[in-house]
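Undergrad: from the sequence below, what's the structure:
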Amino acid sequence: MVRAPGGAMATRRNMKSRIRATVVGIGLLAGLLAGAPAASAATCGDVLVANTTLTSNLTCSGTAFVIDADGIVLDLNGFTLTGDGTGSGVEQTGARGGFAIRNGRIQNFEWGVRLTGTVGGPTFAIVEDLRIRNNTDAGIRLEGAREVIVQRVRVSGSGTPAFSTGEGLDIIGGISNRVFDSVFFNNLQNGVRLNMAAETIVIDNTMRDNAVAGIDYADAVDSFARGNRIVRNDVGLFLSNSSGHNVETNKIRKNATGVLVTNPPAGLSYLNNFTDNSFARNGTGMLFEDPGTFDTTIIANRINWNTGSGIVVVAGKVFIEDNRASRNGASGMALIGGSQEVVANRTVNNIDWGIFVGAGSTTSGSANFSNLNGAGNCNQPGLCFP
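TA: Okay, the predicted model is just below:
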C-alpha cells in the first residue's frame, strides 16, 4: 500500500504529543484552581483581584467584570450576567494567566467572554461550564491567547446581521488553545473560527446550524480536530490559506459542502490530512478548489449518501487512498483538474461515475474497486476494477 507523504505523518505525530502535554496541563491547572477559596460577591463593573462568587443575577451596561489578577476564579454560581449589547460579560487586563471563568450564563453583551491583551494575551486559563448566548459579536473571543482551555460550554445566537458578525468561538492569533466537549450552534457566522491561530486542538464538540461554517480555518496552521459532530452548516470545514491541519474521526453531515478548501486571493493550503471521517448527506462531500494545495491526504474516509459527488478536486495535488464513496447523487470521485494519486478506494452504487477523470486532471493510481455506478465505473483505463 502506498504510504502518505512523510511530512504529513510527522505532523500527525507531533500533534499527538501536544495532546498528551495538554492532558497533563489540564490536570495541573484544575488542581491549582480547585483549592482556591471562595470570596465575596461582586457587582457590575467590578475589577476582580480575588476569587469571586456571584450570589444573584446581574444586569449590566457595558463590561460586567474585568479580571486583574493571576490565578483567581470567577464562579457565576449558576447565575446569569445580562448585558445591553455593549462591552464584555467577562474580560481580563494584560497578560493575566492561571484564572478560571465558570458555571453560569452570559448573554446580550458584545462579547460574552473576551480574553485579549496588548502584552501577549492571556495564558493558561480555563473557560468552562457556561451557557453563552445572543451576544452581538462573538460568544467567546480569544485574541493572542496561549494555552486557554474552553470546555463544556454552549454558545448560540452570536452576531448582528448589519455588521456581519457572529462567531461562536473566535480565536485570533495565539497558540496551543484547546476546545473540548462544547456545542456551538445557531451563530450568524461560524461555530468556531481559527483566524491566524496555531496548534489549536478541537476535540469532541458539536458545531451545528451555523450560517457559514462549523469550523472556519482562516490563515491558520497546525491544528487537530477529532471526534467532532459537524452538522447542518453551510460548510462543515472551510479552509482558506491554512495548512498543517489534521482532521480525524469526525462526523460531517447534512452541510451544503462537507469540506471546502477554497482558492484565496493570496496564499495556499497544504499538508492537510483528512483521515477516518464520515461524510454523509452533505451536498458535496469534499471540494478542493485551491491550485496551491499540495501534500494533502484523504485516507480511509466514508463518503456516502451525499446529494452531489463524494470527492471533487478542481485543482491542486491530492493523495486519495482507501476511501469508501458510495450512493452519492453524482460521482463517487470527480477529479476535474490538478494532480492526484488514487489508490485502493472503493466506489459503488453512485448515480454517475465511480471515478471520473476530467481532461484537465493528471491522475495516477491502481487497485481501486468500482462497481454498479450509473454512468460507468471509471473513464480512465487501468484505474479501477472490475
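
Undergrad: by contact count, what packs against the one helix or strand residue 287 maps to?
TA: For residue 287, the host element (DSSP states H and E) is strand 284-288. Packing partners of strand 284-288 (3 or more C-beta pairs under 8 Å, 6 or more residues apart in numbering; DSSP states H and E): strand 257-261, strand 311-313. In this view, the C-beta of every residue, glycine as well, is placed from N, C-alpha and C.

Undergrad: in that strand, which residues are buried?
TA: 284-288 (16 or more other C-beta atoms under 10 Å).

Undergrad: one step back: adding mean pLDDT, write the helices and strands packed on strand 284-288 out as JSON lines.
TA: Shown next, in JSON lines, are these (pLDDT from 0 to 100):
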{"stretch": "strand 257-261", "mean pLDDT": "98"}
{"stretch": "strand 311-313", "mean pLDDT": "98"}
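
Undergrad: dump those strands into TSV; add mean neighbour count as well.
TA: Output for the helices and strands packed on strand 284-288, formatted as TSV (neighbours: other C-beta atoms under 10 Å):
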stretch	mean neighbour count
strand 257-261	27
strand 311-313	28
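
Undergrad: redo the ones you listed as JSON lines? Include distance to residue 200.
TA: Below are the helices and strands packed on strand 284-288 laid out as JSON lines (distance: least, C-beta to C-beta, whole Å):
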{"stretch": "strand 257-261", "distance to residue 200": "17"}
{"stretch": "strand 311-313", "distance to residue 200": "25"}
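
Undergrad: of these, which is nearest residue 362?
TA: Proximity to residue 362 (C-beta to C-beta) singles out strand 311-313 among these, at 10.9 Å.

Undergrad: tell me how far the spatially most central residue of the chain lies from residue 65.
TA: Geometric centre of the chain, nearest residue: residue 215, 3.4 Å, by C-alpha atoms, centre = their mean. Residue 215 sits 29 Å away from residue 65, going by C-beta to C-beta, to the nearest Å.

Undergrad: helices or strands up against the helix or strand hosting residue 142?
TA: Using DSSP H and E, residue 142 falls within strand 138-143. Applying 3+ C-beta pairs under 8 Å, 6+ apart, one finds that strand 138-143 contacts strand 111-115, strand 126-133, strand 154-156, strand 167-172.

Undergrad: kindly reformat these as CSV containing distance to residue 232.
TA: Output for the helices and strands packed on strand 138-143, formatted as CSV (distance: least, C-beta to C-beta, whole Å):
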stretch, distance to residue 232
strand 111-115, 23
strand 126-133, 18
strand 154-156, 13
strand 167-172, 14
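
Undergrad: would you reformat these as a markdown table and include mean neighbour count, mean pLDDT and distance to residue 247?
TA: Listed next are the helices and strands packed on strand 138-143 as a markdown table, based on neighbours: other C-beta atoms under 10 Å; pLDDT from 0 to 100; distance: least, C-beta to C-beta, whole Å:
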| stretch | mean neighbour count | mean pLDDT | distance to residue 247 |
| --- | --- | --- | --- |
| strand 111-115 | 28 | 97 | 26 |
| strand 126-133 | 22 | 98 | 24 |
| strand 154-156 | 22 | 98 | 21 |
| strand 167-172 | 28 | 97 | 17 |
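
Undergrad: any idea which of the ones you listed gets closest to residue 335?
TA: Using C-beta to C-beta, the helices and strands packed on strand 138-143 put strand 167-172 closest to residue 335, at 33.8 Å.

Undergrad: returning to that earlier point: for the residue nearest to the centre of the chain, give me its contacts.
TA: By C-beta atoms under 8 Å, 6 or more residues apart in numbering, the contact set of residue 215 is 190-194, 202, 207, 225, 228, 230, 236-238.

Undergrad: try it again with 6 Å
TA: Going by C-beta atoms under 6 Å, 6 or more residues apart in numbering, residue 215 touches 192, 237.

Undergrad: now for the helix or strand that comes right after the strand holding residue 142, which elements pack on it?
TA: Going down the chain from strand 138-143, the next helix or strand is strand 149-151, by DSSP H and E. Counting contacts by 3 or more C-beta pairs under 6 Å, 6 or more residues apart in numbering; DSSP states H and E, strand 149-151 packs against strand 126-133, strand 178-180.

Undergrad: out of the ones you listed, the one nearest residue 89 is which?
TA: Closest among the helices and strands packed on strand 149-151, using C-beta to C-beta: strand 126-133, at 7.6 Å.

Undergrad: note down every partner strand of that closest one and its orientation.
TA: strand 100-107 (parallel), strand 149-151 (parallel), strand 154-156 (parallel) (DSSP bridges).

Undergrad: mind listing residues that contact that strand?
TA: 100-103, 105-107, 112-113, 139, 149-157.

Undergrad: thinking again about what came up before, strands paired with the strand holding residue 287, and their directions?
TA: strand 257-261 (parallel), strand 311-313 (parallel).

Undergrad: quick one on the thing from earlier: in ChimeraX, how would I select the buried members of the contacts of strand 126-133?
TA: Restricted to buried positions by 16+ other C-beta under 10 Å, the ChimeraX selection for these reads:
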select :100,101,102,103,105,106,107,112,113,139,149,150,151,153,154,155,156,157
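
Undergrad: ok so, going back, would CSV of the strands paired with strand 126-133 with distance to residue 78 be doable?
TA: Output for the strands paired with strand 126-133, formatted as CSV (distance: least, C-beta to C-beta, whole Å):
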stretch, distance to residue 78
strand 100-107, 6
strand 149-151, 17
strand 154-156, 14
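
Undergrad: quick one, which of those strands is nearest to residue 269?
TA: Taking C-beta to C-beta, strand 149-151 is the member of these nearest to residue 269, at 24.8 Å.
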